[in-house]
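Build the 3D model from these lines:
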Amino acid sequence: MKKLILGTAALALSAGMALAQDVVRLGTEGAYPPYNFINDAGEVDGLERELGDELCKRAELTCTWVTNDWDSIIPNLVSGNYDTIIAGMSITPEREEVVAFTQPYTPPSLSSYAALSDEVDLEGGVISAQTGTIQANHVVDTGATLLEYPTSDECVAAVRNGEADAVLADKDVLVPIVNEGDMVFVGEDTPLGNGIGMAFRKSDPELKDKFDAAIQSMKDDGTMNALIIKWLGEDSPRW
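Residues are numbered from 1 along each chain as shown. Sure thing, here's the model as predicted:
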C-alpha cells in the first residue's frame, strides 16, 4: 500500500488531467462476459462496450478501448496506462482507498455458486473464484478453501475438471454457463458489493464527474435499464 500511495503521488504531476488529452482511454478486461469480452472480430464487446460508447457520446468525449488483465487493472490505471476502468468492478471500501468511483451503473448483483451437482460442501469444500474479486474475499470469510484464477473462464474450468467443488461468481456471468446444461446453481444467492461503477484516478475528479452525469442521464431516460435487460436479462436487478 505504501508503494502504491507513493506512486500515485509521483504521478500526479506527470500524468496530468485526463481531460487535457485528445482521447480518453477506457480500460477493461475483455474476459468477463456478458459485461465485457473480445468478439470474433477481435474487438471489445458486451454491456460495458455499449455502455462506455454511449457515455462518451453523452459526455462529448472521444474515447478508445484498452484491455488489461484483471489482477493488475487498478495499478495500471493509477500508473496512467488508461484513464478509467469500466470492467464489471464492484464498488468496495477497499478499492475506494485507491481509486474514485462514479455512482453505480448497475445495482448490486447477486453472487452465486455453480457446481456439477447439488451435493457439494460449500463451507468445507474447495471453491474457485477470480483473483482480486469480492467473491474471492467472500470464500475466505466462509471458511472454505479458496482456489483463485486470473479469469472467470478458468474458475469454471476448475470445476469441470475436478479441481474445485464449485465456483462463486456474479450470477449474471454464471447464468449462460449453467444454461449449457452440465452445471447447476447450488446454495443460496449472496448479495455482495455496492453495485458496479467506473473507477478513476483520484487526481481526475472532473473527468469522473462528466461520466457520473452521463450515467445519471441514462438512468433518468431509461436507457440504462434497457441495457441491463439486453445484456443481463429480465431477472437482473435494475434501476
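
CA only for contacts and neighbour counts going forward, please
OK.

mind listing what's buried in stretch 138-151?
138-139, 144-149, 151 (16 or more other C-alpha atoms under 10 Å).

Same check on stretch 51-66?
Quick answer for stretch 51-66 (16+ other C-alpha under 10 Å): 51-56, 58-59, 61, 63, 65-66.

domains of this structure?
Domain ranges of the chain: 2-107+195-232, 110-191, per automatic domain parsing.

In three-state terms, label the spatially most central residue of the chain for me.
Centroid-nearest residue in the chain, with C-alpha atoms, centre = their mean: residue 88, separated by 1.8 Å. Residue 88 carries the three-state label coil when classified by DSSP: H, G, I helix; E, B strand; the rest coil.

switch to numbering from 220
Happy to do that; since the first residue is 220 now, the last one works out to residue 307.

so what's it scoring on pLDDT?
Here the pLDDT value assigned to residue 307 is 96.

My guess is it contacts residue 254. True?
Yes - assessed by C-alpha atoms under 8 Å, residue 307 is found in contact with residue 254 at 6.1 Å.

Point to the helix or strand of the protein where mean pLDDT is at its lowest.
helix 221-234 (a mean of 40; mean pLDDT, DSSP states H and E).

tell me which residues in the helix or strand harbouring residue 376 are buried?
Element membership of residue 376 [criterion: DSSP states H and E] is helix 371-379. Applying a neighbour-count criterion of 16+ other C-alpha under 10 Å, one finds 371-375, 377-379 buried in helix 371-379.
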